[in-house]
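Asks: Pasted the sequence and its predicted model underneath.
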Amino acid sequence: MCETKTEWFIIVNPRAGSGKTLSGWSVAEKLLREREVPFTCAFTHYKSHARELALQAARDGYRSFIAAGGDGSVHEMFSGILDFCSESGVPAWEFTLGNIPIGSGNDWLKSLGVPHDIAEVVSLVADGSSRMQDVVSVRSSDGRTCCMANVGGVGFDSHVCERVNARKERGHRSRWIYVGALVMTIMKLRRIRVEVSGDGQVIYSGPCYSLAFGNGCFSGGGMRQTADAVMDDGLVDVMVAPAVSVFRIMREIHRVFDGTTPQSPCLIYRQCRQVTVKPLDSHSADLMEVDGEIEGRLPAEVAVTGQKIGVVAPRV
C-alpha cells in the first residue's frame, strides 16, 4: 500500500454551478495558497469521473479530499472513497471530505451547517475543522451500490432530477432548468405502488407520489423533506407522501419548505437503521435518485453501515 499523503486531493468539476465553476475555483485556489494549504488537483471530464479519480487517489495514499463542485461531485467522490475502503479494508474514519460550494444546490453543506461561502470553507479547511458523519450505502435493483452523502428519493424527486440532469447533459446551465423540470414533473405526476419497510417492519404499503430517505435534512436546493435527519445519529430518516387528493397536497406542501414534515398528519415519517423499498407491480419499479444523481431503479435497500467518515464542517 502507498505511503499516506498529507496534502489535500481536490477534484474540480468544470461543468458544475451553471458553468461558473472555473471562476469559483480560481478564487478558492488563490485563498488556499494564501492560507498555505497543500493540495493537488484534478479535473473531471465525464460523468462518474470524480468517483474514478477519488478511488485512484485513495489507492495512491490520499486521505483528505475536497469536491470543487456541487452535490453530484460530493456524491461521486464519497462513493469512490468508500469503493477503496471496501476493496482495501481501510476504515472510512481515516478519510476527510469537504466541498468548495460552486455547485447549483450544495444541499450537503446546508445539512452540515457549512456556510455557502468559498472563503468560509477554505478557512475551515486551513483550520483543520472537521467532524464525523455516518456512512450510508444504497443498493438498487441491478446490484449497483453507492454511498449516500445526503438525501435520496423515489417518485416525484427522482423524476425532477432525471429532467434536470438530462438538460445539463445537453449543455443547459441556467437555474431555470430546475423550475422547468419541477413544472413538467407536476404536470405528469403519477402514483407508484410500493412497500416500504424500516428495520424489518412495514412502514407503508400502497400508492404514493414520493418517497425520501435522508442522512441529511436539506435537498432540492433547500427543501426539508427529511427535516429531523442528523448526520451522525446512526439513523436514516424516511418520509413517504401517500397518494392523496391534490387539495390535501396543496395544504401540506409548505411542510417540505418549513421543516415540519414530521408533524404532518398525512405524511409518514420514520427513523430507522435500514430501509427497503419494493415495487408492488412492474409499473412501480421507479427511478431512484441519490444526492441528485440517478442510481438505478427499485427495489432498493438503504442502510447505515456503522462506519463514519470525516467531513469538513464547524465543530459541534
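Replies: Now that the structure is in, tell me what you want to look at.

Asks: going forward, measure contacts between C-alpha atoms and count neighbours the same way
Replies: Noted.

Asks: I'd assumed residue 22 was in a helix, is it?
Replies: Yes - in this structure, residue 22 lies within a helix as judged by DSSP: H, G, I helix; E, B strand; the rest coil.

Asks: Now do the same contact list for it.
Replies: residue 14 (C-alpha atoms under 8 Å, 6 or more residues apart in numbering).

Asks: okay, it: pLDDT?
Replies: At residue 22, the model reports a pLDDT of 77.

Asks: Kindly provide the distance from it to residue 29.
Replies: 10 Å (C-alpha to C-alpha, to the nearest Å).

Asks: Output the longest helix belonging to the chain.
Replies: helix 71-88 (DSSP state H).

Asks: Beyond the lowest-mean-pLDDT helix or strand in the chain, next helix or strand please.
Replies: For the chain, using mean pLDDT, DSSP states H and E, the weakest element among its helices and strands is helix 176-187, scoring a mean of 61. From helix 176-187 onward toward the C-terminus, using DSSP states H and E, the following helix or strand is strand 192-198.

Asks: For that next one, which strands pair with it and how are they oriented?
Replies: strand 201-214 (antiparallel), strand 274-279 (antiparallel) (DSSP bridges).

Asks: so how far is that strand from its chain's centroid?
Replies: Put simply, strand 192-198 sits 21 Å off its chain's centre (C-alpha atoms, centre = their mean, to the nearest Å).

Asks: Helix, strand, or coil at residue 225?
Replies: coil.

Asks: which residues does it contact?
Replies: 212, 217, 218, 219, 239, 255, 256, 257, 259, 261.

Asks: Look up the closest residue to the last one, ignoring the ones flanking it.
Replies: It refers to residue 261. residue 255 (5.0 Å; C-alpha to C-alpha, 6 or more residues apart in numbering).

Asks: what does the fourth one give?
Replies: Leaving out its chain neighbours, the residue that sits closest to residue 219 by C-alpha to C-alpha, 6+ apart is residue 107, at 5.4 Å.

Asks: does the one you found really touch residue 215, like I thought?
Replies: No - taking contacts as C-alpha atoms under 8 Å, residue 107 lies outside contact range of residue 215: 11.6 Å.
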